[in-house]
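Asks: Sequence below, structure please.
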Amino acid sequence: KVPLQISHELFGNERVVKVAVGGHHSAAITESGKLYTWGRGGYGRLGHGNSEDVGTPSLVHKLDVDNIKVVSVACGLGDAHTLVLSDTGIVLAFGDGDYGKLGLGNHDRHREPIKVASTFDGPP
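Replies: I've put the predicted structure just below:
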């Protein structure tokens, strides 16, 4: 297969500055800090508020509405979860929470981004 370029129009005509891939989904951050996800939506791993599959990059509206600027993202490899880091050090998680992997102190599933209790201030 030959790689295909994804149109910048799918990212609100913004430049993509970071990407992450998981076993079943992908994510991209634009220069303004917006997060787009696509792929298999099971367990809410895309953060769109549901478990539907999405074939093209789609904005994670909850982060946009809450004015959260994303600077980093990680997609679970073989697992159904996603973690993001904001420009203010807030960590948010969404997707399948089994084994406590969302860092929320429980095993609950979250279909939209939810703040993890602490913030990340960088390495000591």
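Asks: going forward, measure contacts and count neighbours with C-alpha atoms only.
Replies: OK.
Asks: where's the residue nearest the centre of the chain relative to Ile6, distance?
Replies: Centroid-nearest residue in the chain, with CA atoms, centre = their mean: Thr82, separated by 5.1 Å. For Thr82, the distance to Ile6 (CA to CA, to the nearest Å) stands at 21 Å.
Asks: circling back to that earlier point, element containing the residue nearest to the centre of the chain?
Replies: strand 81-86 (DSSP states H and E).
Asks: Can you list the neighbours in contact with that strand?
Replies: 43-46, 68-76, 91-97, 102 (CA atoms under 8 Å, 6 or more residues apart in numbering).
Asks: try stretch 22-30
Replies: For stretch 22-30, contacts defined as CA under 8 Å, 6+ apart pick out 11, 14-21, 35-41, 45-46, 57, 70-80.
Asks: In strands, which of those appear?
Replies: Among the contacts of stretch 22-30, the residues falling in strands (DSSP state E) are 16-21, 35-39, 57, 70-75.
Asks: what residue ranges in the protein score low on pLDDT?
Replies: 118-124 (pLDDT under 70).
Asks: What segments of it are helices?
Replies: Under the criterion DSSP state H, helices of the chain are mapped to 61-65.
Asks: biggest strand in the protein, by residue count?
Replies: Longest strand in the chain by number of residues (criterion: DSSP E): strand 110-119.
Asks: What pairs with that strand, parallel or antiparallel?
Replies: Sheet pairing of strand 110-119 (DSSP bridges) gives strand 90-95 (antiparallel).
Asks: how far out from the middle of the chain is the partner strand?
Replies: 8 Å (CA atoms, centre = their mean, to the nearest Å).
Asks: Check stretch 17-27 too.
Replies: So, by CA atoms, centre = their mean, the centroid of stretch 17-27 is 8 Å from its chain's centroid.
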